[in-house]
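Undergrad: build me a model:
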Amino acid sequence: MSSGSQFHRLFFALWPDDALRHSIDEAAARLERELAPGGRRLNAARYHMTLQFLGDFDSLPPALLCGAYAAAALVRVPPFEMDLDCAGSFRGSNVWWLGPAATPAALQQLWDSLGTALRQRDVPMRPAPAFSPHLTIQRNVRRHIPATPIAPLTWPAHDFVLIDSQSGQPYRIIERWPLQQ
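TA: Residues are numbered from 1 along each chain as shown. Just a heads-up that it's a prediction; the model follows:
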């Protein structure tokens, strides 16, 4: 990637519907009022849960997109529900997040299946040592919090998406795949 360019950040994610997005934003505002982390709350339109990160690119590589589409089409995980029932921050990180207190088996299966399919299709991705499902709600915090229970927000996961992120632009969903057996 060349320096100073407007790059594309590509990643697969779970994308909340508008009602859940609103509930997440209300929970984030409540945490901000109660715990005063400093920093800035994310725009609700940017809420997502990253599944697999493909990387940063000067332009959208057609071969990579073709491989990513083919890999996503291989994923067979049934729809599931999970609860965002925990808030926290990662050690050494300046973000606050919401996530499940325990990773649901179907969510772990989705992460594993998508990673396997991407490797089978030789799609480069930024490896993650383990899956820590979370949805970032606050950046540049000055105060960290341990995992803290919150009132559960139920997330019905029916599909997953490939997102193109460009600095200063709204996220663009490139494609969507239904969860299915």
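Undergrad: now do the least confident helix or strand in the chain by mean pLDDT: distance to the chain's middle.
TA: None of the helices or strands of the chain scores lower by mean pLDDT, DSSP states H and E than strand 40-41, at a mean of 91. Between the centre of strand 40-41 and the centre of its chain there are 17 Å (C-alpha atoms, centre = their mean, to the nearest Å).
Undergrad: what is that strand packed up against?
TA: helix 18-35, strand 135-139 (3 or more C-beta pairs under 8 Å, 6 or more residues apart in numbering; DSSP states H and E). To be clear about C-beta, it is placed using only N, CA and C from the backbone, and glycine gets the same treatment.
Undergrad: which of those sits closest to Asp164?
TA: Comparing these against Asp164 with C-beta to C-beta, the closest turns out to be strand 135-139 (17.8 Å).
Undergrad: let me know the average pLDDT across the closest one.
TA: Across strand 135-139, the average pLDDT comes to 95.
Undergrad: okay, angle between that strand and helix 18-35 too, please.
TA: Calculated by axes from the mean of the first three to the mean of the last three C-alpha atoms, to 10 degrees, strand 135-139 forms an angle of 40 degrees with helix 18-35.
Undergrad: contact partners of strand 135-139?
TA: Here strand 135-139 makes contact (C-beta atoms under 8 Å, 6 or more residues apart in numbering) with 16, 24, 27-28, 31-32, 37, 39-42, 47-49, 84, 87, 94-99.
Undergrad: go again with 6 Å.
TA: Ala28, Pro37, Gly39, Arg40, Arg41, Leu42, Tyr47, Met49, Val95, Trp96, Trp97, Leu98 (C-beta atoms under 6 Å, 6 or more residues apart in numbering).
Undergrad: starting at the chain centroid, how far to that strand?
TA: Its chain's average C-alpha position is 10 Å from that of strand 135-139, according to C-alpha atoms, centre = their mean.
Undergrad: I'd like the next helix or strand past that strand.
TA: Using DSSP states H and E, the helix or strand that follows strand 135-139 in sequence is strand 148-157.
Undergrad: list the buried residues in the helix or strand that that following strand is followed by.
TA: Counting by DSSP H and E, the next helix or strand C-terminal to strand 148-157 is strand 159-165. Residues of strand 159-165 classed as buried by neighbour count (16 or more other C-beta atoms under 10 Å): Phe160, Val161, Leu162, Ile163, Asp164, Ser165.
Undergrad: swap in stretch 124-141?
TA: Across stretch 124-141, burial judged by 16+ other C-beta under 10 Å covers Met125, Phe131, Pro133, His134, Leu135, Thr136, Ile137, Gln138, Val141.
Undergrad: stretch 17-27 now?
TA: By neighbour count on 16+ other C-beta under 10 Å, the buried set for stretch 17-27 is Leu20, Arg21, Ser23, Ile24, Asp25, Ala27.
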